[in-house]
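Asks: I would like to see how this sequence folds:
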Amino acid sequence: MTQATPLEDYGLIGNLHTVALVSKAGSLDYLPFTRFDSPTIFAALLDVEKGGSWLLQPVGEAVRSKQLYLPDTGILLTRFFTDDGIAELTDFMPVKRHEQNCAVVRILRVVKGTMEFQMRCAPRFDYARTAHEVQAQDDGSLLFRSTGPDGFQFRLLGNQPFAAEQDDAAGSWTLQAGDTAGFVIEATPIEDPTFIARDLAHYTQAAFHDTLSFWREWVESSTYTGRWRETVLRSAITLKLLTSLQHGSTVAAATFSLPECVGGNRNWDYRYTWIRDAAFTMYAFLRLGFTEESKSFLRWIMERLEGLERAEDLQLMYAVDGTSDLPEKELTHLEGYRGSRPVRIGNGAAQQFQLDIYGELLDTIYLYNKYGGAITYDFWQHVCRLVDFVTQNWQRPDHGIWEVRDEERQFLSGKMMCWVALDRAIRIARDRSFPAPLVEWIRTRDEIYEEVYTHYWSEKKQAFVQYKGGHVLDATVLLLPLIRMFSPAEPRWQATMRTIEQELALDSLMFRYHAKDGATDGLAGEEGTFTMCSFWYIENLSRGGELDKARLLFEKLLGFASPLGLYSEQIGPQGEQIGNYPQAFTHLALISAAFQLNRDLDARHNGQHGGHQFV
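Replies: Below you'll find the model as predicted:
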């Protein structure tokens, strides 16, 4: 088995329709083309030998490399250093309103000396399941066409000589200081009258400057000026890269089937829009002053709500275009990242019942109504259907925020988010004077509060627990003060924090729960610490007034990011990134913690009380 590249050695690029991962060795090892959840044409990330890749790098073993982003952009720069020279590889995807002309641009420039380079474009269509053919074109490009029923095709352009070698394209050249090599792969739709083929100069010049301007103008629209601004905005750019420009929805992560434990089988497809994750993402965007993203997401949600016959038909996840059928399949021909099988596409959890999604969605609608723009009465009527459903069903068991696959339980996560759904709906109704059965909503909200306070408290654990009647501690409880259900000064909450620190915290890292003790997913193997839970913990410390401790742990946690500032879902036992990468939830939790901690530090500096909330 060929050694897989560590996740932290990959940079993310994208065009707001799909994303690619480029290693610091210059290999593009992951690309679903042309949408986030499209079949891959490069997937060496999941099988080095079979998955396919696009390599562009200096020849020889004595090559050092380093990656960085051009500041305030999604444009990736990889620097190569040899004894004979220095070169820079620029990778980006031009941002387009629609999927047509989906392209990846690679520009190689020698800065110093003389260097020999090699290029091999080795696509493997349809998750490496379908053969393809290569045809030389009159303009010197090569056309790669799948022989499968979809007939998907793309062309490879370049200004250095290359030729077809069996199913691949390959070339090698010696370049001197000042020389430039440019290459592009461009999707070429078979039947699309709007498609216009572009030449290489367009992509390496005009498209580069357009992409640079797009990112810098977007970042400049942020209202955030606090501490850790570069880190916060890098997380915001990552969230933007995971958000569909066409549909307004955000995928949970860039990748599929990266393991939560190397060699284990907790390998899921995260290239879909979870109501929960997307709602929290809009919260992060709003905090930073990016209101257009929340407007687009609300339009996407409105389309989902208008298509529902019943409120309970709201799924916890959808494809980016709102498609609800996400059948889960195993790709048995791929060995998986570092041998972690099975490799799964699709996600069977889409059909689970999860109560918490109603609260997260209502919280986003509330925040948008307050900070982004007023919702309409027509939209409010759809909201009322959701709230009425929560009123009637909040006592139902569900699969919980962690999507356990064994049995439904009375999870705390579902109950506290039902409280949020009612609380935020009540606030919107009062603020906008919308018609609503407020007496019933208030009564139910208060019943849920009493239920959580009384029946989810474990005297033995001195903490609120994962599910009713249990004694398992779950980091989800960290949301209780963050959603304003409990005050940080509440004695039972303070006891819970002490228990969390004893059982789940590992300095700045946090386990979500101990799998052998909590509700299980029916799968074997351990997992790492959940980075978003670590940021939740730090935000709670800040809200509780422990600012020095919160700041120290926050800055230590930043040290676990990849060299490019990216985070996967979890941190492994050797401090490595594990799970799907990069993950939206982790980056939005970073933004939330930084925002709160910065505000509380400012308040202390100005002699004010901290702990204010963005609600």
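
Asks: count of neighbours near the closest residue to residue 466 other than its chain neighbours?
Replies: Leaving out its chain neighbours, the residue that sits closest to residue 466 by Cβ to Cβ, 6 or more residues apart in numbering is residue 474, at 3.7 Å. Every C-beta, even on glycine, is put in place using the N, C-alpha and C of the backbone. For residue 474, the neighbour count with other Cβ atoms under 10 Å is 28.

Asks: now do the contacts for residue 474.
Replies: Neighbouring residues of residue 474 by Cβ atoms under 8 Å, 6 or more residues apart in numbering: 412-413, 465-466, 512-513, 518.

Asks: let me have the residues you listed in TSV, adding neighbour count as columns.
Replies: Putting these into TSV (neighbours: other Cβ atoms under 10 Å) gives the following:
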residue	neighbour count
412	26
413	23
465	23
466	27
512	24
513	22
518	20
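
Asks: which one of the residues you listed is nearest to residue 231?
Replies: Looking at the contacts of residue 474 and their distance to residue 231, the nearest is residue 512, at 23.2 Å (Cβ to Cβ).

Asks: I'd guessed that closest one sits against residue 404; true?
Replies: No - contact criterion Cβ atoms under 8 Å: residue 512 and residue 404 do not qualify, at 11.4 Å.

Asks: for residue 565, see how far away residue 228 is.
Replies: Separation of residue 228 from residue 565 (Cβ to Cβ, to the nearest Å): 10 Å.

Asks: max pairwise distance over the contacts of residue 474: which two?
Replies: Using Cβ to Cβ, the two most remote members of the contacts of residue 474 are 465 and 512, lying 13.7 Å apart.

Asks: residues of stretch 201-216 that come out buried?
Replies: By neighbour count with 16 or more other Cβ atoms under 10 Å, stretch 201-216 contains the buried residues 202-204, 207-208, 211-212, 214-215.

Asks: what's the answer for stretch 363-376, then?
Replies: In stretch 363-376, counting by 16+ other Cβ under 10 Å, buried: 363-370, 372, 375.

Asks: who touches that stretch?
Replies: Residues from elsewhere that reach stretch 363-376 (Cβ under 8 Å, 6+ apart): 279-280, 282-283, 286, 291, 294-295, 297-298, 301, 383, 420-421, 424-425, 427-428, 431-432, 483, 614-615.

Asks: next: stretch 325-336.
Replies: Residues external to stretch 325-336 that are found in contact with it (Cβ under 8 Å, 6+ apart): 1, 43, 46-47, 49-51, 127-129, 257, 259, 267, 269, 272, 317-319, 341-348, 350.

Asks: buried ones among those?
Replies: Members of the contacts of stretch 325-336 classed as buried by 16+ other Cβ under 10 Å are 43, 46-47, 51, 127-128, 257, 259, 267, 269, 272, 317-319, 341, 343-347, 350.

Asks: so of these, which ones are in strands?
Replies: Using DSSP state E, the members of the buried ones among the contacts of stretch 325-336 that fall within strands are 317-318, 344-345.

Asks: now these in JSON lines, with pLDDT?
Replies: Output for those, formatted as JSON lines (pLDDT from 0 to 100):
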{"residue": "317", "pLDDT": "95"}
{"residue": "318", "pLDDT": "96"}
{"residue": "344", "pLDDT": "98"}
{"residue": "345", "pLDDT": "98"}
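
Asks: and those residues, which two are furthest apart?
Replies: The widest separation within these (Cβ to Cβ) is 17.6 Å, between 318 and 344.

Asks: ok, and for the strand ranked longest in the chain, which residues are buried?
Replies: Secondary structure assigned by DSSP E gives strand 103-122 as the longest strand of the chain. Buried residues in strand 103-122, counted by 16+ other Cβ under 10 Å: 103-110, 115, 117, 119-122.

Asks: now it: how far from the chain's centre is it?
Replies: A distance of 29 Å separates the centroid of the chain from that of strand 103-122, by Cα atoms, centre = their mean, to the nearest Å.

Asks: and the pLDDT at the residue nearest to residue 530 when sequence neighbours are not counted?
Replies: Once flanking residues are discounted, residue 530 sits nearest to residue 512: 4.3 Å by Cβ to Cβ, 6+ apart. Looking at residue 512, its pLDDT stands at 94.

Asks: ok, residue 512 to residue 467 distance?
Replies: Distance from residue 512 to residue 467, by Cβ to Cβ: 14 Å.

Asks: doesn't residue 381 belong to a helix?
Replies: Yes - looking at residue 381 with DSSP: H, G, I helix; E, B strand; the rest coil, it is inside a helix.

Asks: can you report how many residues lie near it?
Replies: So residue 381, with other Cβ under 10 Å, has 12 neighbours.

Asks: now it: how far from residue 477?
Replies: 34 Å.

Asks: then residue 85?
Replies: 55 Å.

Asks: looking at those two, which is more packed in?
Replies: Neighbours per residue, other Cβ under 10 Å: of residue 85 and residue 477, the larger number sits with residue 477, 28 against 18.

Asks: identify the bridge partners of the closest residue to the more buried one other than its chain neighbours.
Replies: Excluding the flanking residues, the one nearest residue 477 by Cβ to Cβ, 6+ apart is residue 464, at 4.9 Å. Going by DSSP bridges, residue 464 is paired in beta bridges with residue 457.

Asks: contacts only, for residue 464.
Replies: Residues counted as contacts of residue 464 (Cβ under 8 Å, 6+ apart) are 412, 452, 456-458, 477, 480, 492-493, 496.

Asks: go through those and flag which are in strands.
Replies: 457-458.

Asks: quick check: which element contains residue 134?
Replies: Assessed by DSSP states H and E, residue 134 sits inside strand 132-136.

Asks: what about stretch 444-463, distance to the chain center?
Replies: On Cα atoms, centre = their mean, the centre of stretch 444-463 falls 32 Å from the chain's centre.

Asks: same check, this time on stretch 407-417
Replies: For stretch 407-417, the distance to the chain centre is 24 Å (Cα atoms, centre = their mean).

Asks: what are the buried residues along that stretch?
Replies: With burial defined by 16+ other Cβ under 10 Å, the residues of stretch 407-417 counted as buried are 408-417.

Asks: restricted to helices, list these.
Replies: Taking DSSP state H as the definition of helices, the buried residues of stretch 407-417 contribute 412-417.

Asks: and those residues as a markdown table, adding distance to residue 607 and pLDDT?
Replies: Output for those, formatted as a markdown table (distance: Cβ to Cβ, whole Å; pLDDT from 0 to 100):
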| residue | distance to residue 607 | pLDDT |
| --- | --- | --- |
| 412 | 37 | 97 |
| 413 | 37 | 96 |
| 414 | 41 | 96 |
| 415 | 38 | 97 |
| 416 | 33 | 97 |
| 417 | 36 | 97 |
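
Asks: from those residues, pick the one nearest residue 27.
Replies: Checking those against residue 27 with Cβ to Cβ, the nearest one is residue 413 at 39.5 Å.

Asks: just the mean pLDDT for stretch 561-580, thanks.
Replies: 96.

Asks: equivalent analysis for stretch 593-605, please.
Replies: Rounded mean pLDDT across stretch 593-605 is 97.
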